[in-house]
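got a predicted structure plus its sequence, pasted below:
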Amino acid sequence: MQEAIKQTELQTEQPFLARFFPNNEWVLIAVLLFEVLLFSVIGNNFFTSSNGFEITRLAVEIGLLALAMTPIIITGGIDLSVGSMMGLSAVVFGALWRDAHVPLPLAIVITLAVGILGGYLNGAMITKLKFPPLIVTLGTFSLFRGIAEGLTRGIENYFGFPQEYLFLGQGYIFGVIPTQLPIFIIAIFVIFWILQRTAFGRSLYAIGYSQEGARHAGIKVRRSLTIIYTLSGFMASLAAVIYVAHLGQAKSDAGTGYELMAITAVVLGGASIFGGRGTILGTILGLFAIVILQNGLRLSGLPTELAGILTGVLLVAVILFDRFSKTASSVNKVSFSEEEFEVKNSQVGFICAAIVLTGLLIAGSNWMLFSSINKGGSTVPATNASSQNASQTTPPTGKKAVIGMMPKAKGDPYFISCKKGADEAAKELGAELLWDGPTDLDPAKQNEVVEAWITRGVDAIAVSVENKEAISTVLKKAKDKGIKVITWDADSNKDARDFLINQATPQGIGETLMDETARMLGGKGEFAIVTASLSAANQNEWIKYIKERMAAKYPDIKLVAIQPSDGDRDRAFQETQNILKVYPNVKVIMGIAAPAVPGIAEAVKQSGKTDVKVTGLSLPNMCKPYIKSGIVDSIVLWNTGDLGYLSVYAANALVNNKLKQGDKTIEAGKLKSIEVVGDEVRLGKPFIFNKDNVDNFDF
Amino acid sequence: MNFNQYKREISAAIAFLVLLIVVGIASPSFFGAGNLGDLVINNAPFLLIAIGMTLVILLGEIDISVGSQFAVASVLAGVLAKSGVPVPLLFVIIPLIGVAMGAINGALIGWFKLPSIIVTLAMLVAWRDGLRWVTEGAWVQNLPSNFQWFGLGQSTGQIVIVAIPLIIFLIFAWSLRNLNIGRAIYAVGSDSEAARLAGIEPKTITFGVFALMGGLVGLAALLNAVRFNEIPSNAGIGLELKAVAAVVVGGAAITGGRGTLIGTIIGVALLGTIGTALTFLGINPFWEKAIQGVIILAALVSDILLRKYEEKLSTDANR
Amino acid sequence: MSEILLKAENIQKSYAGVKALKSASFELLSGEVHALIGENGAGKSTFIKSVTGAIQPDSGILEVCGNKITENSPTFSKSLGVAAIYQQPALFPELSVAENIALGYEKGGFFGRVNWKKRREKAKELLDQIGAKISPDAEAGSLSMPQQQLVEIARALGANAKILILDEPTASLSEEDTNNLFRVIRDLKAKGVGMIYISHRLEELPQIADRVTVLRDGETIGTKEVKDIDRDEMIRLMVGRELSQIFPKRDVRQGEIVLELKNLGSKKAGVKNINLTVRAGEIVGIAGLVGAGRTEFARAIFGLDEADSGEVLLNGISIKNSHPRDAIRNNIAYLPEDRRKHGVILDLPIASNVTLASLKILSGRFGLNFAKEKELAAEYTRRLGVKTPSIHDSVSTLSGGNQQKVALSRWLLTKPTVLILDEPTQGIDVGAKSEIHNLMTELAEQGVAILMISSELPEVLGMSDRIAVMQGGTIVKILDRNEATQANILALALGH
C-alpha cells in the first residue's frame, strides 16, 4: 500500500488533532469540560470569574513544580526532591531576610541559587555517578527537608514580611488577577518554549526515547539531563518564594507532599513515565483536572476526600486508555510483540472482581465503623437531654445561616470531638454547617478552603487557625465581602475576624500544664515534653509559656528533652521509650498533641515504670483507660464539644445581628449565658480531667 | 556463606557497626537489654513491609502504596475486632485483605503492563483518601480487651510480635535463596525476557509478588495494631519511602535482580536505630531527616566505589 | 546407525520484502558436527533463528528429532533439545554462574527446593568438562566475554541438548580454550549430540567438523564431507555470490586528502594502529568479518568511543572528537549499523528524525523554525524517496529501507565532508538498496569522502575505489579496486 503513495502526495502539514493534541490531550479537555459542566450545575458559584482566578492562585506552586517535572519525566527520569527543596528554600529565604538582614531582592536571588545548587546536585549524581534518578532524589528528598529542619531547629517560623513582597502571593492586579498568575503564565510559556520550541527541548524527547540513539545524533545527553534537574531545583525554589508570599510565613514544612502532586499532574497530562512523551499543555490540563476537582467538590459540598479517590481512578484510567490505544494502533511495531502483552478476559474479570470486592469491603467496614461510632455516640450523657430541651426553648429565628467551620486538620480526633458539638448546635439552630479543612496540617489548604467558601457565598466562617500570618489576608477578604468571621480554638490577627471563641489562651494552657506538672513532681525534678511536629506553631507557643512559667515559679524543675511525634501515636510511643532510657530521672512526661498522650501512656505502661506520670493536652476518651489505671495523672483540656457548640451559636448570632461589639453576654443554647469580653467569647478556663471526673465526659 | 555473595550488604553492615560503636562509646546504656528489646519490637512489624518491598524491588518494580494499605488494614483490623471477630481469625482475614489490595496493584502492573510507580501512586492517594472519607479521621477505640497483645499479656504478646516477623524473615530469606520461586524472582528482575525463555512467566511472578506485598503489609498492620489498645486512622504516612530507603541502603539495586534480605534487615536495623541513637547521643532530633538522607546517598556512593574497586581488581586480574 | 536429528527443507523467510532465506536445506545427524558456512549476510543467522524458534519461517519443512514443527517457539524448541550459543552471551548478569547453568536444566515446581550444593557441583563438573576455570559462585555479569560464552556452553551441556548450535564459538577464545572446546565437542559427539557449527575459521573445520554446508544468498549451495573439500573450494563456494545488480559506481576525479588516520587506536573499542587516508570524492570500502573491529573503528572516529592513541587529521588539521557533537561540528557523519537502536529514534516523527543532528541550523532567535523544519524534512524525504504518507508519522511505521533513508537524510542535512556508512544496505529491499547506492555515487561526485563498512562483498567490490580489509582490530591490507576479488578479500579477512 505504501508503494502506491506518490512522492507528490507527501503530507507536510499535520492533521489538526495531531498538531494541537500530539498526546491525546483532548481526552483531558473532555474530562475537564465534564468537570466544569458538572460543578457548574451542582456547585455554588463555581462558574464565576473570581472562582476561576482563585483556582489558578492555588495551582501556582504545584504548577511550577509540575512544569519543571515535565521535561524530567519526558527524559524518563523523576524528581522526588522538589517538595523538600521548597522547604529548604523557604527557610533559607526566611533566614536570609530576617536573621542575616539581607535585602529582599537579594534574598530571593540567593534562594533561587540554592535551588539551582540542589538541582545540580541531583543532576550531577544522576549523570556522573549514573544512579537511577528515583534513588538519588529519594536521598535528597530526605536530605533537603532534613537540612531545612536542622537549620531552623524545626521551630523557626519566619513572618512579618513587608507588604510589597506579600503582594506577590496575596495581592491582585487590577483587583481580580492574582499576582502570581502572570508569573505562572510566564513560566508556562518559558518551559513550553524550551521544551517544545527549541533544539534543546527536542533533544530531551530524543533522550527519553533512546539515550544511545540521541548520543549518536550528537546530543549531549549528560549535559541535557544535568540542566533539567537543575531547572527543577530552580523552579522548586521559585515556587517556595511564591509560597512564602502566599502564606506570609516561611517554615521548614513548606511543600510537604507536593512532589507527588506534581508527578500526578504530569502523568495525568499524558507524559509517559518511561520517557519520550508528554507536553506542557497536557501537564497544565492534568494540573487543572485535579485542582478543579478539589475546588468543585468543595463548592458542591461533597467530601473532598473524593478528590483523592477520583484522582487515583483517573490516573489508572488514563494510562490504561493510553496503553490500549497504543497497542491497537501500533500493530506493526516489532518491539511490542503480542507475546508481551496479552490480557485474558479472565484477568479483566479478576480486576473488576477485585475492585468490586474491595469496594464492598470498604463500604462494609464503613457501615460497621459508623454503627460502632453511633453506638458510642448514643451514650452521650445528660447533656443530650438538655440540648433537646434547649432546641425546643430556642426555636430558630432569623434566616437559615450557612456556616463554614474549619478545623486545623479534619482527621484530628480533637476536632472531631468539636464537630459533634457544632453539629448539635447547627441542628438546634437549623443552620447549615459546612465542615471542611485540610486533611493534614497545612496552612495553604486552609486558605484554599476559605477562598472556596467566599466563592460559594457562606454567611459566616469559623476557623481554627493553623497559622496567623497565612490566613489573615484571606479572612479579611471574607470580611470585606460581608461574611462574618470568627476564629475558634486558635486566633488569627485581630483585625481579620469579628470575634474569637476563646477556650483558653496559649498562656493559660501553658501555665496550667506547667502547674500540673509541678504538682506531680512535687515542685522538684525533671520532666520531658513530646510535642507534635517540631514545626507546629501552637505547640511551640505553649512550650514558650511552659518555659516562662517554669523559670518564674519552679526553679527546681528541669525540662530535659523535647521530642517530636509528628502527631503520630506510634512515634510518640517510641520517643517516650527513648526518653525513659536516656533520661532515667524523668518523672513526668507531658504530651502536648492529642494523639501523643495515649502513645506516651502506653510506652510508660509497657516500661513498667510506675513512678513516671503522664500529663498533657489530649482528649478524655483517648486517654480514659490510662487515666483510670493511673498512668495518666491528669490531662488539661476544655470541653471540646462545647467549643464547637458555642462557635456555631456565636456565628449564627453574628449573622442574625444578635451579637455585636460591646455585648457583655451571649445566649448559647444549652450553655446558657456566656461571657463576652471585648471581641472574645470566653468558654472558660482550661479544665483538668482526672480519675474522678473523666467518666462524666464523652469526647 | 561466602564474601562474594554478600559484598553489597557489607557497606550497610559497616555503617551500622560504626553507628553502634559510636553510640556504645558515647552512651553505653544504649545496649541495655530494655532498649534493644524495645528497638526490636518497634521495628519488627516494619521488617515485614521491608521484606515485601525487597521482593518488589528485586523485580525492578516499586510499591509506594504500602503506607496507605497499612492504614486501611490497621483500621479494618480494629473494626473487625470490635464487631466480634475472634482475634485468631484476624490473622487470616487481615493479611487476606492486604492480598486483595496488593492483587489490584499486581494485576495492573503484571497483566496490563502499567508502570508500577504510577499505579501505586494512584493507589497511595486513593486508599488514603478513601480511608479518610470513611473514618473522618476517627480512631477505633474501645477495642475488646483481648485485642491488645492478642489477649496474651504484654510479655508473651511482645514475643509473638517479634517472633512472627522473624520467622517470616527466616522463611523468606531461606525461600528466596533456596526455592525455585525465590530464584524466579531474581531471574525475572535480572532479565524478564530471558526468564520467560527459561520457562518462568514474569506476569505471574509480578502479580504474585505484589499480592504478597499486600499480604505482608496486612500482617504488619495487625502486629503493629495489637501493641496498643486504640487504632489511629492516620497510620503509616511516609512508610513507603522508609521501606524503599531501607531496602536500597541494604544494597539492593532499584533496577532489579540484585539484593538480599540479609541486606534488608541490616537496612531496617540501620534506619530503625538511627532515631533512637541520636536521642541517646543527645543530638537534636531536627537533624534526623538530614542524616537519613545522607545515609541513603552514602550507601549509593559506597556501592559505586565498591564496583570501581572490583572493576580494577578484575582488570588487574585479566592483565 | 545415526538418526536424523534435524531436517530442514526449503526454508524461506523474508523481512519486509527482503528475502533473507530463499531456500535453505540442512540435515543434522546424531553424533555429527555439521559446519554451516557462508559470508556475512548469507542467511546463517536467520536459519539458526528458525531452528531455535526465535522467528517463524514463511515456508518450508522443519523436523526436529522426528517432530514436524508447524509453530515453533523458543520454549518449544528448547523442550525438544535444541540449545544455541550465540556470539553475544545471554546470561542473567546478576545471578551466579552456578545458577545460570542450573536455569538451563532444572525443572521443578515453584516450591521445589534449590540444592545449591548440587548446583555448584554440577556447575563445577560441567565447567571442568570444558576446561573452564570459572568459579561457580562468580556473578555472571562480572565475567569476561569469553568466560560468559563458556558458561553458556556449560549451560547447554547441562541441559542435555541433543542439538547444539554453536555460533562462532571460537571467535573470542584463546588457542588453549579453543582446544579445550574441541575436546568437549568430541566428547559430546561420542554421546550422540548433533552440533551445528558456524565459524569463519575455515581452517578449524577439518579438525572438528564431519560435514560442511555452504549457504549463499539464503540458499543452500551444497553439502560436502569435510574430507572431500579444501579451504579454497569452500571459499569458492561461499563467494560465488552473484552480482545481482549493476552497481552505479562512476569514476570521480578525486580531490585532496580529507581524512587521514595515523595509528588510530582505542582501548575501549578494541582497535589499534589504524592508518588510512580518504580523499574527497573517494569511496573506501571497509571489509572484514563480524568482530574484526570495523564498527568499533568507526565509533572511535565519530567520538562515540574515546580514541586514546594516534591521530585523526581532517584536511590536514588534527582534530579530537570526544563526543559525536564534536564530530558533527567537524562535518563528519556516521550512519550506524544498528538502525533501529542508533540510526533513528523509532518513536519520533520522520521530520524530527531528519533534523535531529542539525537542530542548530533550524534554531532562530525564537526557537526552532518549524516551517523550515517541515520544508527541509520534506525536501530530504522527497530527495531520498522515503515512502511515507506524511513527514509527521513516526519512523517506526516505515519499512527498514525507508527507515534507513531517514537515517541517511539526517546526515545529508548536516552537509558532511566525511561520511561513514556502517552496513548502509543491510536488511533492506533491492529497490531501496540501489537508491542508496545511487546516492552514494552522487555524494562522491559532490566531493564527499565516504567510508563504507559492509559485509556484503559484492557491494564492497562494486562501490569502492579502494578496499581496506580489517582483521583483529586493525587494517591488514588496503586493496585497489582493480586488484580486489571476493576470494582475496575473504582470504585476508579470514586471516591469511
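Structure received. Values in this document were obtained by computation on a predicted structure and should not be read as measured data. Residues are numbered from 1 along each chain as shown, chains lettered A, B, ... in the order given.

from now on I want contacts and neighbour counts done on CA atoms only, so please keep to that.
OK.

ranges for the strands of the stretch 1-150 of chain A?
Taking DSSP state E, counting those that start in this stretch as the test, none of the stretch 1-150 of chain A falls into strands.

oh, I was asking about the stretch 1-150 of chain C
Counting by DSSP E, counting those that start in this stretch, one finds strands in the stretch 1-150 of chain C at the ranges C:4-15, C:18-29, C:33-37, C:59-64, C:67-68, C:82-85.

what of the stretch 101-250 of chain B?
Remark: strands of the stretch 101-250 of chain B are absent; assignment by DSSP E, counting those that start in this stretch.

any part of stretch C:255-275 near chain A?
No - contact between stretch C:255-275 and chain A is absent, the nearest approach being 15.6 Å (criterion: CA under 8 Å from any CA of the partner chain).

may I see the strands of the stretch 1-150 of chain C arranged in CSV, with mean pLDDT, distance to C:Ser455 and mean neighbour count as well?
Listed next are the strands of the stretch 1-150 of chain C as CSV, based on pLDDT from 0 to 100; distance: least, CA to CA, whole Å; neighbours: other CA atoms under 10 Å in any protein chain shown:
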stretch, mean pLDDT, distance to C:Ser455, mean neighbour count
strand C:4-15, 87, 18, 20
strand C:18-29, 87, 14, 22
strand C:33-37, 92, 14, 26
strand C:59-64, 88, 26, 18
strand C:67-68, 84, 34, 13
strand C:82-85, 86, 22, 24
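
may I see those arranged in a markdown table, with distance to chain B as well?
Written out in a markdown table, the entries for these read as follows (distance: least, CA to the nearest CA, whole Å):
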| stretch | distance to chain B |
| --- | --- |
| strand C:4-15 | 21 |
| strand C:18-29 | 24 |
| strand C:33-37 | 25 |
| strand C:59-64 | 19 |
| strand C:67-68 | 20 |
| strand C:82-85 | 12 |
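
mind putting those in CSV, distance to B:Ile266 included?
Converted to CSV, those look like this (distance: least, CA to CA, whole Å):
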stretch, distance to B:Ile266
strand C:4-15, 53
strand C:18-29, 55
strand C:33-37, 53
strand C:59-64, 52
strand C:67-68, 53
strand C:82-85, 40
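
and those: which comes nearest C:Lys267?
Closest approach to C:Lys267 among the strands of the stretch 1-150 of chain C (CA to CA): strand C:82-85, 26.7 Å.

got the CA positions of that closest one in PDB?
C-alpha atoms of strand C:82-85 as PDB (Å, rounded to 0.1, in the frame of the first residue of the first chain):
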ATOM      1  CA  VAL C  82      17.700 -27.500  20.900                       C
ATOM      2  CA  ALA C  83      20.300 -25.200  22.500                       C
ATOM      3  CA  ALA C  84      22.100 -22.300  20.900                       C
ATOM      4  CA  ILE C  85      25.100 -20.400  21.900                       C
END
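
that older thread, so which of the strands of the stretch 1-150 of chain C gets nearest chain A?
Distances from chain A to each of those were compared using CA to the nearest CA; the shortest belongs to strand C:4-15, at 11.5 Å.

what helix or strand does A:Leu441 sit in?
With the criterion set as DSSP states H and E, no secondary-structure element contains A:Leu441; it sits in neither a helix nor a strand.

verify the stated contact: it with A:Gly411.
No - A:Leu441 is beyond contact range of A:Gly411, at 9.6 Å (criterion: CA atoms under 8 Å).

which positions in the stretch 201-319 of chain B make contact with chain C?
So far as CA under 8 Å from any CA goes, the stretch 201-319 of chain B lies against chain C at B:Gly257, B:Arg258.

the residue in the stretch 201-319 of chain B that chain A sits nearest to is in what secondary structure piece?
Residue nearest to chain A within the stretch 201-319 of chain B (CA to the nearest CA): B:Ala290, separated by 3.6 Å. Following DSSP H and E, the helix or strand that holds B:Ala290 is helix B:288-318.

buried residues of that helix, list them for me.
When neighbours are counted by 16 or more other CA atoms under 10 Å in any protein chain shown, the buried residues of helix B:288-318 are found to be B:288-303, B:306.

helices or strands next to it in the packing?
Packed against helix B:288-318, as judged by 3 or more CA pairs under 8 Å, 6 or more residues apart in numbering or on different chains; DSSP states H and E, are the following elements: helix A:133-152, helix B:7-26, helix B:239-249, helix B:261-281.

remind me which residues of the chain are low pLDDT?
In the absence of a named chain, chain A is used. When residues are selected by pLDDT under 70, those of chain A lie in A:1-9, A:154, A:326-399, A:535.

the intended chain is chain C.
Judged by pLDDT under 70, chain C has its weakly predicted residues at C:1, C:16-17, C:87-88, C:108, C:172, C:240-246, C:496.

how about the residue nearest the centre of chain B: what's its closest non-neighbour residue?
The residue at the geometric middle of chain B, judged as the C-alpha nearest the mean C-alpha position with CA atoms, centre = their mean, is B:Ala50 (1.2 Å). The shortest distance from B:Ala50 to any residue other than its chain neighbours is 5.1 Å, reached at B:Ala243 (CA to CA, 6 or more residues apart in numbering or on different chains).

how about the contacts made by that neighbour?
Neighbouring residues of B:Ala243 by CA atoms under 8 Å, 6 or more residues apart in numbering or on different chains: B:Phe46, B:Ile49, B:Ala50, B:Met53, B:Val268.

do B:Val217 as well
Contact partners of B:Val217, counting by CA under 8 Å, 6+ apart, are B:Leu48, B:Ile49, B:Gly52, B:Val66, B:Gln69, B:Phe70, B:Ala73, B:Pro95, B:Gly98.

check what pLDDT the fifth one gets.
I take that to be B:Gln69. The predicted local distance difference test score for B:Gln69 is 96.

starting at the chain centroid, how far to the helix or strand hosting it?
In this structure, B:Gln69 sits in helix B:66-82 according to DSSP H and E. Averaged C-alpha coordinates place helix B:66-82 at 17 Å from its chain's average position (CA atoms, centre = their mean, to the nearest Å).

just to revisit the earlier point, was I right about the residue nearest to the centre of chain B contacting B:Gly263?
No - taking CA under 8 Å as the definition, B:Ala50 is not a contact partner of B:Gly263, at 10.5 Å.

quick check: neighbours shared by those two?
Shared contacts of B:Ala50 and B:Gly263, defined by CA under 8 Å, 6+ apart, comprise B:Val247.

coming back round to it: rank the helices and strands packed on helix B:288-318 by pLDDT, which is bottom?
Mean pLDDT across the helices and strands packed on helix B:288-318 is lowest at helix B:7-26; the value there is a mean of 85.
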